[in-house]
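Enquirer: Sharing a model prediction with you, sequence too.
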Amino acid sequence: MSFRVLPVPQTRVGMQGVKILSQGYLALVLPAHLPYVRHPERPDYLEEDWFYEAVVETYLPLLDMWRRLATEEIPYRMTVSLSPTLLAMFRDPLLMGRCERRLERLIELAEKETIRTRYETEFNETARLYLARFRRAHRLYTEELARDIIGGFRALQDQEILEIITCPATHGYLPLMIHPEAVRAQIQIGLDYYRSQFGRYPRGMWLSECGYQPGHDEILREAGIRYFFTDAHGVLHARPRPKYGTYAPIYCPSGVAAFGRDMESSKQVWSADEGYPGDYDYREFYRDIGYDLEYEYIRPYLGQDGIRKNTGIKYHRITGRTADKKPYVYWVAREKAAIHAGNFMFNRELQVKYLAEFFDRPPIVVAPYDAELFGHWWYEGPEWLEFLIRKIVYDQKTLRLITPGDYLEIHPRNQVARPSMSSWGYKGYNEVWLEGSNDWIYPHLHMAASRMIELANAHPRAEGLVRRALNQAARELLLAQSSDWAFIMKTGTMTSYAVKRTKDHLGRFNRLYEQIRAGRIEESFLREIEEKDNIFPEIDYTCYRSDHRIGYEPRRSTTATG
């Protein structure tokens, strides 16, 4: 059985600056991603709500919680993956201004709700809770962070609380990209944009949809990435069979480490039947005053088109599998979050103690959850997470919260094996992104990638207008490749938007392709789409050249046998 040893960088582990050994470790991983949705052509756009809802309900509450724990100097470590598209939206002045206005409108609506519900005691208490939280989010966003959410994350990374990683540029689903140049470009552009925002390169990468294809780790090694994640079967089906299952990383032959998702801890949170977020005392997501209240009252807080939608103010708890929902009681839900955090910790302690009996090293339990679960889908999620962190730090001595990068520093000697192809989608492979509703997109995406490679090879050092057109063609291809469009087509929600986005980006790409080949670039058209699809301002199309290599200095490794 082959093992590999990587050199240990001189990096502190945890806020206390020491490498702490324990019976085992828990690595909480929150991949945060949204597709790039920006529509300057209209004052409000329904799909932009995805971003504003996530900022108000997930990212600001999580940042507030992490900053509070940092103030108290609580020693813990977590991993957060911020996708380049999400980072670009955080940074965009148009979206930043609209997000601030959204918070102001929510405060106004919550103020009205405290008056409207003043004689309804159960609802009034919840209305006042919303008002306090919206005011807090507005103060955090506009004053403490100065609308710089990325700066808030960067500060937590600089304090060695969070380890922030990233994913491919537009969250493209790499296993279905047949051109290595397209895979390499997604990875390089994502890493370059991360560096432009954080002043460093990440140690790890969250592969979009946890999708891994054997051989892609070679590109990650080329990019200097030390680790990535697969679903459980990606590691369990590795060859040779992993000695420690998913409870220790394996090194690919390239030297890049793969961490497998733990199924047991995932089930406790994700399961629709057994997961914590489905508890009847928690807030009901689908019952919103945007649909419940009289139209004329709620109309000023709907979009320009006047279609009813979620406002974020919800007064009912899950109650059960019934349409008759009882009033939400925050303090009951908060107590339940504390109980569930204790239960989760207790189960991880039992899990680690059992595994430690058979291992010659402390096991690591890798528990990844979509960041948007916390606060948006599961309103009490950020509080559950805070309870969990505090309990792990103060109420037990069995396990420690660390990051995968920390684990590789503490335990650099790991088995060498090749993971299998996998994703964390339905059935674990490609079906979500390649089936009857969305399979039509791939011939067009493959052709566009082939044409982009052709253009890059034909223009190795373009300048001026041609270079601008080539860079914009790369942006349009990347945006068309977003895994979100195929996912939305599969789920059947907002399908027309996903189809339109795919066709729009492919149409713009093909028009640019023909213009570049003919040597007749329409500058007015180019300027229009540069302003509309303005992601990655420093993009360099030459990363699509067939002879291109990412060129970051890979981390050297040595091999030992054990």
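Expert: Done, it's in. Numbering: from 1, shown residues only.

Enquirer: Only C-alpha atoms from now on, for both contacts and neighbour counts.
Expert: Noted.

Enquirer: who's in contact with residue 258?
Expert: With contact set as C-alpha atoms under 8 Å, 6 or more residues apart in numbering, residue 258 has these partners: 227, 228, 229, 230, 235, 249, 250, 251, 252, 419.

Enquirer: please redo it, this time with the cut-off set to 6 Å
Expert: Taking C-alpha atoms under 6 Å, 6 or more residues apart in numbering, we find residue 258 in contact with 227, 228, 229, 249, 250.

Enquirer: element containing it, please.
Expert: Using DSSP states H and E, residue 258 maps to strand 257-260.

Enquirer: That strand - which strands sit beside it in the sheet, and in what orientation?
Expert: On the basis of DSSP bridges, the sheet neighbours of strand 257-260 come out as strand 227-230 (parallel), strand 250-251 (antiparallel).

Enquirer: Go through that strand and flag the buried ones.
Expert: By neighbour count on 16 or more other C-alpha atoms under 10 Å, the buried set for strand 257-260 is 257, 258, 259, 260.

Enquirer: could you give the mean pLDDT of that strand?
Expert: Averaged over strand 257-260, pLDDT sits at 98.

Enquirer: so what's the backbone phi/psi at the closest residue to residue 238 other than its chain neighbours?
Expert: Leaving out its chain neighbours, the residue that sits closest to residue 238 by C-alpha to C-alpha, 6 or more residues apart in numbering is residue 419, at 4.1 Å. Per-residue torsions, residue 419: phi -60, psi 160 (degrees, to the nearest 10).

Enquirer: what sits against residue 419?
Expert: Residue 419 makes contacts with 234, 235, 238, as judged by C-alpha under 6 Å, 6+ apart.

Enquirer: how about a cut-off of 7 Å?
Expert: Neighbouring residues of residue 419 by C-alpha atoms under 7 Å, 6 or more residues apart in numbering: 214, 234, 235, 237, 238, 239.

Enquirer: Now do it against residue 259, distance only.
Expert: Applying C-alpha to C-alpha, to the nearest Å, the value for residue 419 to residue 259 is 10 Å.

Enquirer: next one: residue 462
Expert: From residue 462 to residue 259 the distance is 41 Å (C-alpha to C-alpha).

Enquirer: thinking again about what came up before, redo the contacts of residue 258 as JSON lines? Include neighbour count and distance to residue 406.
Expert: Listed next are the contacts of residue 258 as JSON lines, based on neighbours: other C-alpha atoms under 10 Å; distance: C-alpha to C-alpha, whole Å:
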{"residue": "227", "neighbour count": "25", "distance to residue 406": "11"}
{"residue": "228", "neighbour count": "24", "distance to residue 406": "13"}
{"residue": "229", "neighbour count": "27", "distance to residue 406": "15"}
{"residue": "249", "neighbour count": "31", "distance to residue 406": "12"}
{"residue": "250", "neighbour count": "29", "distance to residue 406": "15"}
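
Enquirer: Kindly indicate which of those lies nearest residue 30.
Expert: Nearest to residue 30 among the contacts of residue 258, counting by C-alpha to C-alpha, is residue 229 at 11.9 Å.

Enquirer: Just grab the bridge partners of that closest one for me.
Expert: residue 259.
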